[in-house]
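Asks: predicted model follows, preceded by the sequence.
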Amino acid sequence: MLMTFEYQTCHNESSCIRRVPVFQGLSDEEIMALHKVTKSRSYGKGNFVFREGEQSETLFVLNRGTVKIVKISDEGKEQIIRLLFPGDFFGLFALLQEKIHYADAEVLETAEVCLIQKKDFKAIIESNPHMAYRFMLAISERLQQADEWIGTFSLLEVERRLAKMLLAFYNRSKAPIVQLPVPKKELAALLGTTPETLSRKLAHFESLNILSLKNRKEIRILDADELSRYTK
């Protein structure tokens, strides 16, 4: 069942059009064209941006907050497929190909999402080769990241997977203190390990003065260069 939303007009200075990488480098004229068709909506923690099985008519861009893409198995087990942070866009493949959403998009912390309707977005990129090219580059980068993550899961041991993920969080936050976006149980599932193993690996990195465990959801990165060494 599709939900009904109350949309708001995006403000020129604060909307995703100005902030996210996929739209950076556009001319003022191109940005204004996108602003005219972009809306925004706020979601509270635990709300869903979309549910598995719903038809997509919208490109979503996360402006603020954190969202998880999650799949529920027939046995009711939850598997996190991807974590989304400000600047990420999603609903992409359902948007460009007449498909339904293959998973749920659940809000982990209060989020502001920019929404561009399929018909509006297609009309813009069909008439603007430069924007279409930038969007293709963004899709290519997304596919490369997906391939790298699959390789991480299949080839790297848990310690290296963890180091790679912590560095990703660190680089996104641009601050030494990393806020874990999900509980350790869910983070362990994303890494393909158990919560006990995850706790042991974090404790090991702490013993090496690579990081400091502040509390259950905060980690201070003390030596990003040394942490990076574990990803190789």
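Replies: Good, I have the coordinates.
Asks: what secondary structure does A33 sit in?
Replies: State at A33, reduced to three classes by DSSP: H, G, I helix; E, B strand; the rest coil: helix.
Asks: shouldn't it be in contact with I124?
Replies: Yes: using C-beta atoms under 8 Å, A33 is in contact with I124, at 5.8 Å. C-beta coordinates here come from the backbone N, C-alpha and C atoms, glycine included.
Asks: what about the strands in the protein?
Replies: Applying DSSP state E to the chain gives strands spanning 8-9, 38-43, 48-50, 58-72, 78-84, 89-90, 104-117, 177-179, 211-213, 218-221.
Asks: make CSV from these and add distance to M131 and mean neighbour count to it.
Replies: Converted to CSV, the strands of the chain look like this (distance: least, C-beta to C-beta, whole Å; neighbours: other C-beta atoms under 10 Å):
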stretch, distance to M131, mean neighbour count
strand 8-9, 21, 11
strand 38-43, 13, 19
strand 48-50, 24, 21
strand 58-72, 13, 21
strand 78-84, 22, 17
strand 89-90, 14, 24
strand 104-117, 12, 20
strand 177-179, 33, 16
strand 211-213, 40, 17
strand 218-221, 36, 17
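Asks: so for Q97, which of these sits nearest?
Replies: Across the strands of the chain, Q97 has its closest neighbour in strand 58-72 (12.7 Å, C-beta to C-beta).
Asks: roughly how far does the residue most central in space within the chain sit from V113?
Replies: The residue lying closest to the centre of the chain (C-alpha atoms, centre = their mean) is L84, at 1.6 Å. Distance, L84 to V113, using C-beta to C-beta, to the nearest Å: 10 Å.
Asks: overlap of the contact sets of those two?
Replies: Contact criterion C-beta atoms under 8 Å, 6 or more residues apart in numbering; residues shared by L84 and V113: L62, V67.
Asks: thinking again about what came up before, who are the contact partners of the residue lying closest to the residue nearest to the centre of the chain once chain neighbours are set aside?
Replies: Nearest non-adjacent residue to L84, counting by C-beta to C-beta, 6 or more residues apart in numbering: V67, 4.2 Å away. By C-beta under 8 Å, 6+ apart, the contact list for V67 reads V49, L83, L84, D88, F90, A105, E106, V107, L108, A111, V113.
Asks: ok, the second one touching Q179?
Replies: No: using C-beta under 8 Å, L83 and Q179 do not qualify as a contacting pair, with a distance of 11.7 Å.
Asks: of the strands of the chain, give the one that comes closest to I17.
Replies: Checking the strands of the chain against I17 by C-beta to C-beta gives strand 38-43 as the closest, at 6.1 Å.
Asks: report how many residues lie close to the closest residue to C114 other than its chain neighbours.
Replies: Using C-beta to C-beta, 6+ apart and skipping residues adjacent in sequence, the residue nearest C114 is C16, 3.8 Å away. Using other C-beta atoms under 10 Å, C16 has 26 other residues around it.
Asks: overlap in contacts, A33 and I124.
Replies: The contact sets of A33 and I124 do not overlap (C-beta under 8 Å, 6+ apart).
Asks: between the contacts of V67, which is nearest N215?
Replies: Distances from N215 to the contacts of V67, taken by C-beta to C-beta, are shortest for L108, at 17.0 Å.
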